[in-house]
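> Got a sequence here, can you build the structure:
(one chain, ligands or ions: 1)
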Amino acid sequence: MSLDALAFGAHADDVEMVCGGTLIKLAAMGYRTGVVALTRGETGTRGSAEIRAREFDAAAEVMGLAVHKMLDIPDGRIEVTWENKLKVIAEIRAHRPRLVFAPYWTDRHPDHENASQLVRAAAYLAGLQKIETGREAFRPVKVIFCQGRFEFAPSFVVDISEVHDRKLAAIRAYASQFHGPDEPVPEPGPGETLIGRPGFLGRIEARDRRFGAQIGVEFGEPFLVREALRVDDPAAFFGPEYRWTIP
Ligand SMILES: [Zn+2]
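Down below sits the predicted model:
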């Protein structure tokens, strides 16, 4: 059975922070959603590959995913190679998602930048019949980029107000990645992680509030598409169901 949306992250816990609310909302509306982590997270400062795999399962449960899977690309060494493109192509052809979510192409972590390039290339290449992987060619309708550390002007913002509690619950599933109450505050630098600093949930909430404010709702997640969005009927697109509050 094909998926409606498949989100790729470099590491387990990436996707939950950047598009977790949107995936939860889609699943609640009856769409089939999935997450593929390109690595097992074995190089992560906190936890271990085994612990992170269990946390990945728990987060998938909270998000109501139909599919969740970890690939075996080495953590910290995601390279844009043909071999890795074939791995991503294989996932896209196996799950046939209409929408693919990918990390934004500019990021602090090289794995995130390379994951962005890999997923975008693979989404195109998966549609070429002569690239043989043992499965039928398939090209997603759209690759949608998620905002990490570096900000972009979003193409659109998804209202996640109703599911924000569940988004935070999915992130909390990654207990090994949290800052402990008695732990010293890490120095900014290579050992620092986004959610390993105290107060990180507050920062995620602040960000989601900020983008929610841009569309006049409590919480929102921003997304970017490279192409102009095609609208065949603007009167219908911005019709009575379109709820826009002027910020
Ligand atoms: Zn990551």
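> tell me which parts of the protein are close to the ion?
Counting by CB under 5 Å from the ion, the positions of the chain adjacent to the ion are 10, 11, 14. From N, CA and C alone the C-beta is placed, and that goes for glycine too.
> Okay, and which of those residues map to strands?
Among those, none falls in strands (DSSP state E).
> From the ion, how far out is residue 93?
To the ion, residue 93 is 24 Å away according to CB to the ion, to the nearest Å.
> go on, residue 127?
Separation of residue 127 from the ion (CB to the ion) stands at 27 Å.
> Tell me how many other residues crowd that residue.
Number of residues near residue 127 (other CB atoms under 10 Å) recorded here: 14.
> Three-state assignment for the closest residue to it other than its chain neighbours, please.
Closest residue in space to residue 127, ignoring its immediate chain neighbours: residue 139 at 2.8 Å, by CB to CB, 6 or more residues apart in numbering. Judged by DSSP: H, G, I helix; E, B strand; the rest coil, the three-state class of residue 139 is coil.
> Kindly report the same for residue 157.
Per three-state DSSP, residue 157 ends up strand.
> what bridges to it?
With DSSP bridges as the criterion, residue 157 is bridged to residue 222.
> count of neighbours near it?
Counted by other CB under 10 Å, the residues lying close to residue 157 total 21.
> for residue 129, same thing?
By the criterion of other CB under 10 Å, residue 129 has 7 neighbours.
> residue ranges of the strands in the protein, please?
So, for the chain - with DSSP E - the strands run 5-9, 33-37, 67-70, 99-103, 142-146, 156-159, 220-224.
> Just say which of the ones you listed is most tucked in.
strand 5-9 (a mean of 29; mean count of other CB atoms under 10 Å).
> Show residues contacting that strand.
If you take CB atoms under 8 Å, 6 or more residues apart in numbering as the criterion, strand 5-9 is touched by 15, 18-19, 22-23, 26, 31-38, 67, 88, 91-92, 95, 97-103, 115, 119, 140, 146.
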